[in-house]
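1. A structural model of the following input is requested.
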Amino acid sequence: MNKTLLLILTVFIVNFSSCNKTERRYDVPQKIIVAGKIDNYDPIKEVYLVVNWIGFGQERIFSKIDSAGNFMTIFESYIPVDAWLVYKTNFLVLLYPGDSLFVHFDGKYDNRPQILESVYFGGDAAQTNQYAAKYQQMYFSNEIYYDRNRINRAVKEYAPDQYLQYMDTVLQKSKELYDRFVAENQPDDESKKWVLLNIEGDYYYNLSYYASSHRRANNMGKDNKWDVPEGFYDKLLNRLPVDTSMFICSHQISSFSNSFLTRYIDAKFNEKLKNANFGVKDIINLRKKVVDMRFFNAAEFFTLDPLLLQIILTEMFSEELEEQEIRTYERLHDLVDTYIKEPFLKEPLHQQYLQTKLRVDNPKIYTEAVLKNTAELSVKQIIDDILQQNKGKVIYVDFWGTWCGACLTEMPNSKVVEHEFRKKNVAFVYICLTSKEENWKAVLDKYQLGGQHYLLSDKQSGEIRTLFEISGIPNYLLIDKTGIIKETGSHLRPSVARDKIKEMLK
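-> Purely as a prediction, here's the structure:
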């Protein structure tokens, strides 16, 4: 971007943003401008926003930035959102449709408290953001956040009733921190609302993920029947109803809607699934039946909180579309028409469907991607082909599936790492397991990955899982220049693999 133009725009934001905003509306999207200046800017570091979309998860939006650290991001939103501003580390900014916000901070720091101490805001909602930054500075400097050992010990060692008592203690300390924040800063009502929503959100998040975290911390396998007692997740009902005043804390509302779905509603769904009588013919269409049951089970809870269930149903449809699966939206479109009424959910969801359908019907693969035909090959022949084609190179292998949300989340990161090593002796190999060809190609269209791509049949997928002892995906292999596997596991995600690849190239 032209530096002079960017500076003119940022000055405009600071000095001429309207103080008399019209009444906020959520039926049409409006532009949001986030511009700013990073002192001591490191040009090798990227600057971007991670926007927390209610009903749709997160989206990374990169900023245009010049060599002096002047940056600008423009996007549209129907509703208020909070977004992570990312540079070295990250912090949350509060954004409203139609607003322009200016952010100025010192980029020499790489930890949140110091960056937040240096931050200055101008433009719309500047004062609210200044208060929000002050609270974040206090929070990230407090033991509630940084004492990870105590938190991890509680998750690992405490029984459910003990853990709830511990969480009540943490909640009380959080409220004491809030009281100190209010006494020292006399913040406006909007920032106070946002802080309280964050405090509540942390409580419900930790409550929701205690069981899975406890099992993982204690290395409980699938055969271990330990679980939280019945009714443990009923506490999530205490946060209802969800209303539009909560939208500005979108990262917490998104987290809560996902927790409500995957803990409270899915517990009810699993009870129904256990009692379902699937015949031999039904097993063939099991995915369809399970998906349909899950959607209709969620719809049964619509009267609990109409807005929350609109968000949850949108999230469920969006997840299917993210996996490039359009049939669910088409098959259950009556649910969309019946329940999802809010334009900020209904319209973006329909656009996501149209874009996904276009990719499925007419995929456009990145020109540097190589699609391999594996139909007639054994797993041994596939592995031999990978090693033969990439002799003398470091090979990074990604086992993934179109239906795997965690796999898809890593795709943008894979593209960044792939681009970083594009002129080096590194091969990126993507092995897609148990997926439909049309969905496979649609994912490659969406993420525009280079590298070498293999689509394995169900039989081949099972054999390669056995060969490499893959219990879940995403899973990765790092193979050195001589063809020896140096490391394998789910931990080798692109951000981790980057440094390991650099070492292997030496």
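2. where does the stretch 101-250 of the chain dip in pLDDT?
-> Judged against pLDDT under 70, the stretch 101-250 of the chain has no low-scoring part.
3. in it, which spans are helices?
-> Per DSSP state H, counting those that start in this stretch, the stretch 101-250 of the chain carries helices over the ranges 112-118, 126-140, 143-146, 148-157, 160-185, 189-208, 210-217, 250-259.
4. give me the angle between the last one and helix 189-208.
-> Taking axes from the mean of the first three to the mean of the last three C-alpha atoms, to 10 degrees, one finds helix 250-259 and helix 189-208 inclined to each other by 30 degrees.
5. can you give me the distance of the spatially closest residue to Glu117 that is not a sequence neighbour to Tyr41?
-> Using C-beta to C-beta, 6 or more residues apart in numbering and skipping residues adjacent in sequence, the residue nearest Glu117 is Gln137, 5.8 Å away. Every C-beta, even on glycine, is put in place using the N, C-alpha and C of the backbone. When distance is defined by C-beta to C-beta, to the nearest Å, Gln137 is 21 Å away from Tyr41.
6. swap in Asp223?
-> According to C-beta to C-beta, Asp223 and Tyr41 sit 53 Å apart.
7. tell me which of the two has more neighbours.
-> Counted by other C-beta atoms under 10 Å, Asp223 and Tyr41 do not tie: Tyr41 has more neighbours, with 20 against 5.
8. return the residues in contact with the nearest residue to Tyr146 once chain neighbours are set aside.
-> Computed as C-beta to C-beta, 6+ apart, the closest residue to Tyr146 that is not its neighbour in sequence is Phe140, at 7.3 Å. Contact partners of Phe140, counting by C-beta atoms under 8 Å, 6 or more residues apart in numbering, are Arg112, Pro113, Leu116, Tyr146.
9. by neighbour count, which of these wins?
-> Ranking the contacts of Phe140 using other C-beta under 10 Å puts Leu116 first, with 23 neighbours.
10. and the angle from the one helix or strand Phe317 maps to to helix 250-259?
-> Using DSSP states H and E, Phe317 sits in helix 306-322. Relative orientation of helix 306-322 versus helix 250-259 (the same axes, to 10 degrees): 80 degrees.
11. Tyr454 pairs with what?
-> Under DSSP bridges, the beta-bridge partners of Tyr454 are Lys372, Ile431.
12. list the buried residues of the longest strand belonging to the chain.
-> Criterion DSSP state E: the longest strand present in the chain is strand 30-39. Buried residues in strand 30-39, counting neighbours by 16 or more other C-beta atoms under 10 Å, are found at Ile32, Ile33, Val34, Ala35, Gly36, Lys37, Ile38.
13. what does stretch 255-275 give?
-> Under 16+ other C-beta under 10 Å, the buried positions of stretch 255-275 are 255-267, 269.
14. got it, and stretch 466-485?
-> Phe468, Ile470, Ile473, Pro474, Asn475, Tyr476, Leu477, Leu478, Ile479.
15. using PDB, write down the CA coordinates of that stretch.
-> Coordinates of each C-alpha in stretch 466-485 appear next as PDB, following Å, rounded to 0.1, in the frame of the first residue of the first chain:
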ATOM      1  CA  THR A 466      -1.900 -49.500  10.700                       C
ATOM      2  CA  LEU A 467       1.500 -49.100   9.100                       C
ATOM      3  CA  PHE A 468       2.300 -45.800  10.800                       C
ATOM      4  CA  GLU A 469       0.200 -46.500  13.900                       C
ATOM      5  CA  ILE A 470      -2.000 -43.500  13.300                       C
ATOM      6  CA  SER A 471      -4.800 -43.300  15.800                       C
ATOM      7  CA  GLY A 472      -6.100 -39.900  14.900                       C
ATOM      8  CA  ILE A 473      -5.600 -37.100  12.400                       C
ATOM      9  CA  PRO A 474      -4.100 -34.700  11.700                       C
ATOM     10  CA  ASN A 475      -0.900 -36.700  11.900                       C
ATOM     11  CA  TYR A 476       2.500 -35.900  10.400                       C
ATOM     12  CA  LEU A 477       5.800 -37.500   9.400                       C
ATOM     13  CA  LEU A 478       9.200 -35.800   9.000                       C
ATOM     14  CA  ILE A 479      11.500 -37.700   6.700                       C
ATOM     15  CA  ASP A 480      15.200 -36.700   6.300                       C
ATOM     16  CA  LYS A 481      17.100 -36.500   3.000                       C
ATOM     17  CA  THR A 482      18.200 -40.100   3.200                       C
ATOM     18  CA  GLY A 483      14.600 -41.400   3.500                       C
ATOM     19  CA  ILE A 484      14.700 -42.100   7.200                       C
ATOM     20  CA  ILE A 485      11.600 -41.100   9.300                       C
END
